[in-house]
Each structure stands twice: as structure tokens, then as C-alpha cells.
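1. have a look; sequence and predicted model below, questions after that.
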Amino acid sequence: MYRLLLTDGLPPEGLALLRAAADAQIDDLKLSRAETQARLGEYDAWIIRSGTSVDRELIERGTRLKVIGRVGTKFDNIDLEAATRRGVMVMNTPEPNSLAAAEHTLAMLLALCRNLPAADAALRRGEWERQRFLGVQLHRKTLGIIGFGRVGRHVAHRALNFEMDVLAYDPYVDTEIFRQMRVTAVTFDELLAHSDFITLHAALTPETQELIGEAEIARMKAGVRFINCSRGELVNERALHAALVSGKIAGAALDVFIQEPPTGNPLLQLPAERVVVAPRLGASTVEAQRDVSTQIAQQVLDALRGTDYQNVVNLPFIPSPDFHRARPYLELAEKIGALQSQLAEGPVRSVEVEVKGEDTQHLVKPVAVALLKGLLSPLSKETVNYVNAPLLAEERGLVVSQTRGLEMVDYPNMLSCRVSWDSGQRLVAGTLFGGVEGRIVQMDDIRMDVRPQGHVLVTLSQDVPGVIGAVGTLLYQYGVNIAEWRLGRNHPGGTAVSFINLDDRPSAACLTALGALPQIISVRILEL
């Protein structure tokens, strides 16, 4: 039974979805920070909104915590580094909010261009001053979009329908995306110099804080209009205020501020003809709130169950839409990693990965991460999962690389892994039977067919008569039942490897007795 904590509430649709889950217990509570610290260790998942700040101290208290679900697009109220270090998945819900935010951006832009807030207020005072509220059109004007992620692209699509010329700046977006959307990719300076309207949709990072300041405003066209429905910290508000007062910027539409609520902010003292403001309404639509609540609820449940990992922002790979097809390969990769870890004869220094086959060629990164999870889990006191496995591997000095030509057996889809330690190395390869059942089919130069699950006794022996009988007899004497026995050898009379699935873990005395048999070279018990 998974336990989920909600501390900022959730719209009824999402709450109903969670409460309908037979494997989840939901606590929807209003807690102080001290109460949260005291209780967080009871929960597997925590769903929050912008009202909760999740720092390292809180994450450390969440000893059972596997998932933090952030309702909405932004997640900068969560210490992502601390969550990743602890292996806690952080997920958001970008798409529903993105559409609402884009529509809100256009609404703010139109309200600014047509003086709607000031005109509304004047008419309510009994004034009829049509000439005073002369506006400007969007048609054939140039819109500059800073940040071309989901929201920026939605804004561009709608601006093009207004027959605007659209420029965009985003150094992290492929130029093909700009071309497909009929948007002109430009440099930051070109955007500032040529835009009649500028709208911000960049993420807040140390590099983008005060992205728009005095120097940037000086490079803008005189009379430009400016929209910020992204983050208040992207703008130097003092410089913006000065530019509005001087007329360098003809008007601004602001949905966000550095300090919220913006009590005493000089920008709010400027007339409504110059500054249109709103209290962070970008995601405030009935549809967006409904959709993000059901989406975060389903995402959290899927992640806890291990069935999907959509919108996990600190996952080192992007899950494909058909993750259910990739999942058996990742489970097999974990088994191979765990097997390698428990058979290694010293600390593993390097890991080589090969992924071969039409069904698996796009899974190199996920398979490598899954291998590291399996490899590190038996060695670490910490929880190891897909989120923190690469970080923990890096801290151990593990070198991970992609290679070719490891396997000697030929199946349509293969996962191969060679690990090296100071005095040796070992190759293990596996595939899926029937597309779902993971099997180990090669170890070094030995072909085999092994089911990697449960208690597995691995013996390396001389390929001579009597080995199976001797080992079987000893296991019988110690009361250990054999579930399945798989054997492979490099050549007749050479070296044989047995993988013996057992119903129970053999005792230390049993393993010692097995190792003393004259035909036995080595004995290991694995937990897979």
C-alpha cells in the first residue's frame, strides 16, 4: 500500500483518481513545516504546488519518499540536486499549463495593446473617452519570443494566426523546430533590436536571472511593448520601471513579480495605460486545473508502480511513449547488472554496454542506467534507482561506455555488458524470450539459457562426469530444493558453468561443502 501526502490540496478530479486507487492511501493535510518534517518519513509520494518549498532538509526527512509530484510546469521550489542524490523522482505537468499560459500571454498582450483595463475602469466611472484609449494592432508587427519551449511554441502558433512576424531566441532548441513552425531563429541581440513586442518564456536559472536589465532594454526598439508571464526574476524591475517612465518601453503586461504579492511595487503605481497586471493567472483555467490534477495523480501512481515515468525532470533519460514495451528490457538490464556486481572478483572500474537489435537500438541510455542500478544496488546502503544511479556511479569513479561486438550468440535483440576490475573482467549477455521473459544467454565464451530470478547458485567446475550428481546430493543433504538447473560449457572436457535456481538460500556450511568438492572451481550464491 503506497502512502501519498498532499499539502497544497488538489482539484477534485485528481483527488478522486487517487482515492479510487486500491493500492494507495491518501492524506490531504494542511501541515506546518515542523509537522511536515515530523511526518514526511511515513510517505512514498508527496504532491505539492507552488505553496510548498521543498529543501534538502525536508528531502532528507522523507526516508520512504520515492516521488515528489509538482502540480504545474515550474519546479524551482524543489531542491532538485538533493532529490536526485536521494533517488527521489521529481515530476511536473507541463502540457496542460502550457496551453493555458500561452492563451494568457496573448490575452495580456491584447489587453495591453487595446488599453482594456484602463478603458474598463474609465467607463465604470461614467467616462466615455474613446480617443484616449487609441490602441495598436498586432497585424504585421514583429513578436520576439525569448525561450522556445512548450509555452513559447504555443504563443508562436497563435501569433502567426494574427499574421505577425515571429522571431524566437532559444540556444537549446534545434533549428529544424523553428523552420517547421515558420518562426525565424535569431540571436538574443537581434531579437531585442527588431521586435515590436517581446515576451519572456525562459526557465529561471542562474544564467537567466535578470535576463532583461538596463543594458538589454537599451538595445530594444523605442516604443517596444513587453510581456512577462514567466518568472518575475527574469527581469530587473527597477530598470523596467525606469524604461516605462521614460517611454523607451511603451507598455508592459506583467503576470509575475520578483516578490509576490507585489506589495508596494512601483510598477503598480504606473497608469493602467502603461502597465497591465495580473496576479499570476497563467495556469488559472478550469480546464488546466482539472487536467494537471488528473495528470499528476496518474503520473505519481504510475511511477510508484513502476509502469511509466512521464515528466520526471531528473530522470537521466526520456521515457518513450510506449514505455511498457521497453520495461522488460530495462528489467533484464537490472538483472545483468546485479549478476555482474555479485560475481565480480573486485571493485568494478568500468562498464561497457552494447545494445543490439531493431527493438532496442533506441534504448542505449535507459539500458545503461538500468545496468548501473542493478550493479550498484547490492553495493550501496542507499536506495539506488534510475534517478541517482548515474550520479552514484560517477562518485565511485565508474567509467561507462558504449561498445560493439561483445556477444557471440545471435538473437534479434541483445543486451550485453562487460565489466572490468583490476585483475579481470566478465561478459554477460541477455535477451527476451517471447518479448517478455528475460534470459541470460552468454557468460564470457559460454552459451547458456538462464532464468535470472530468485536465489541462484553459480558454480564454475571442471567439465567431468559426476559434478551434477555431487552438487545435487550435497544440496539434498542440506535440505535445499532445486527449482531449475541450467549448464553451459566452453568445450567438452573444459570448464562448465551451472546456474541453479533454488527455492531457499543455502547456508554458509552448505556453500563451504560445495566449494570443497574436488571438481568445483568456485561457488557463488546470487540474489536476483
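-> Thanks, I have it.

2. the nearest residue to Ser423 once chain neighbours are set aside: how many residues sit nearby?
-> Nearest in space to Ser423, with sequence neighbours left out and distances taken as Cβ to Cβ, 6 or more residues apart in numbering, is Gly346 at 5.9 Å. In short, each C-beta sits where N, CA and C put it, glycine included. By other Cβ atoms under 10 Å, 10 other residues sit near Gly346.

3. wait, Gly346 sits on Gln425?
-> No: if you go by Cβ atoms under 8 Å, Gly346 and Gln425 don't touch, sitting 10.3 Å apart.

4. so Thr495 bridges to which residues?
-> Note on Thr495: beta-bridge partners by DSSP bridges are Gln462.

5. confidence score at Glu407?
-> Here the pLDDT value assigned to Glu407 is 69.

6. hang on, the earlier thing: separation between the residue nearest to Ser423 and Asp445?
-> The gap separating Gly346 from Asp445 is 21 Å, by Cβ to Cβ, to the nearest Å.

7. try Gln361
-> Counting by Cβ to Cβ - Gln361 and Asp445 are separated by 25 Å.

8. between the two, which is the more surrounded one?
-> Neighbour count, other Cβ under 10 Å: between Gln361 and Asp445, Asp445 has more, with 13 against 10.

9. the more buried one against Met408, yeah?
-> Yes: using Cβ under 8 Å, Asp445 is in contact with Met408, at 6.8 Å.

10. walk me through the domains of the chain.
-> 2-92+288-305, 96-277, 323-451, 453-528 (automatic domain parsing).

11. can you add distance to Val313 and give the ones you listed back as CSV?
-> Shown next, in CSV, are these (distance: least, Cβ to Cβ, whole Å):
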stretch, distance to Val313
domain 2-92+288-305, 5
domain 96-277, 11
domain 323-451, 10
domain 453-528, 31
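
12. so which of those domains comes closest to Val312?
-> Closest to Val312 of these is domain 2-92+288-305 (Cβ to Cβ; 4.8 Å).

13. what is the mean pLDDT for that closest one?
-> The pLDDT scores in domain 2-92+288-305 average 94.

14. now do the end-to-end distance for it.
-> Terminal residues of domain 2-92+288-305 are spaced 9 Å apart (Cα to Cα, to the nearest Å).

15. for the closest residue to Leu376 other than its chain neighbours, give me its contacts.
-> Leaving aside its chain neighbours, Leu376 sits nearest to Val384 (4.7 Å; criterion: Cβ to Cβ, 6+ apart). Neighbour list for Val384: 87, 372-373, 376-377, 392 [criterion: Cβ atoms under 8 Å, 6 or more residues apart in numbering].

16. next, Val384: secondary structure please.
-> Three-state call for Val384 (DSSP: H, G, I helix; E, B strand; the rest coil): coil.

17. look up phi and psi at it.
-> Backbone torsions for Val384, taken as degrees, to the nearest 10, come to phi -110, psi 130.

18. and for Glu163?
-> Here is the backbone geometry of Glu163 (degrees, to the nearest 10): phi 60, psi 40.

19. for Gly144, see how far away it is.
-> In this structure, Glu163 and Gly144 are 16 Å apart, going by Cβ to Cβ.

20. thanks a lot, see you next time.
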